[in-house]
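Trainee: below are the sequence and a predicted model; questions follow.
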Amino acid sequence: MTKLSVNINKIATLRNARGGNVPDVIQAAINIERFGADGITVHPRPDERHIRYSDVIELKKVVTTELNIEGYPSLSFLKLIEEVRPHQVTLVPDPPDVLTSNAGWNTNRYGSFLKEIVSGLKELNCRVSLFIDPVPDMIEKAAITGTHRVELYTEAYASEYHTDQHKAIKSYLEAANVALSSGLELNAGHDLNLQNLTFFARMIPGLKEVSIGHALISDALYMGLAETISHYKRCLTEM
């Protein structure tokens, strides 16, 4: 079954809006696991506008499923990874000022750079995933870096889903087949939600994990975290 990793950045954004420690990000992560999530995802950024580096260190102490840390492989990020040694590191090509991840790696241009980074992360016994667009050539080049997985960037799928589901999934299905034939495992994330998740998970072969934050935390405002996580998990089993 495809695993659900919950991105808790938005919980940290709410906390930071007022200062202090309400809501408590660490307690939220504990509860999210207790409610059935298969992992916790965080994406610390240099300005710490949501998840802070100190949060990541504390999360490592309490997460009992899998901790996935996303980020651009800057020196400070890599130092954090070396200290925390999460189960998975998802490398993204975000510049420091970007609002949210909005493109995958150009593995033609950055292949050599990524190969060196991936090698170092493997020495820390971290599983490595590269955030990538559903482009066969980029995925084939990703395999050359030695990464364990690629995370398909699903914004384009989510944008087109309500217009034409089968057209929306077409490039992702092709990308998934290329990844699997290249020896890569598959993750996916960005703008997946209760409306489009079941179809995506049903159609994409070998999907190991989805990482969902904004939509899930927004849904939890109406349904509560426990009920929301139950709904998302059901999307991944009704296949």
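Mentor: Sure thing, it's come through.

Trainee: for the residue nearest the centre of the chain, which three-state class applies?
Mentor: Nearest to the geometric centre of the chain sits S211, at 4.1 Å (C-alpha atoms, centre = their mean). Look at S211: counting by DSSP: H, G, I helix; E, B strand; the rest coil, its state is strand.

Trainee: so it is in contact with S5, correct?
Mentor: Yes - with contact defined as C-beta atoms under 8 Å, S211 reaches S5; the gap is 4.6 Å. Bear in mind the C-beta positions are built from the backbone N, C-alpha and C, glycine included.

Trainee: need the overlap of contacts for those two.
Mentor: Residues touching both S211 and S5 (C-beta atoms under 8 Å, 6 or more residues apart in numbering) are G39, T41, N68.

Trainee: and these as JSON lines, adding neighbour count?
Mentor: Below are the shared contacts of S211 and S5 laid out as JSON lines (neighbours: other C-beta atoms under 10 Å):
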{"residue": "G39", "neighbour count": "22"}
{"residue": "T41", "neighbour count": "27"}
{"residue": "N68", "neighbour count": "27"}
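
Trainee: Throw these into a markdown table and include pLDDT, secondary structure and distance to R149, thanks.
Mentor: Supplementary listing: the shared contacts of S211 and S5 in a markdown table, determined by pLDDT from 0 to 100; DSSP: H, G, I helix; E, B strand; the rest coil; distance: C-beta to C-beta, whole Å:
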| residue | pLDDT | secondary structure | distance to R149 |
| --- | --- | --- | --- |
| G39 | 98 | strand | 13 |
| T41 | 98 | strand | 13 |
| N68 | 98 | strand | 10 |
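
Trainee: any idea which of the residues you listed is closest to L236?
Mentor: Nearest to L236 among the shared contacts of S211 and S5: G39, at 12.6 Å, using C-beta to C-beta.

Trainee: what sits against the closest one?
Mentor: Contacts of G39 by C-beta under 8 Å, 6+ apart are 3-6, 63, 65-68, 87-88, 209, 211.
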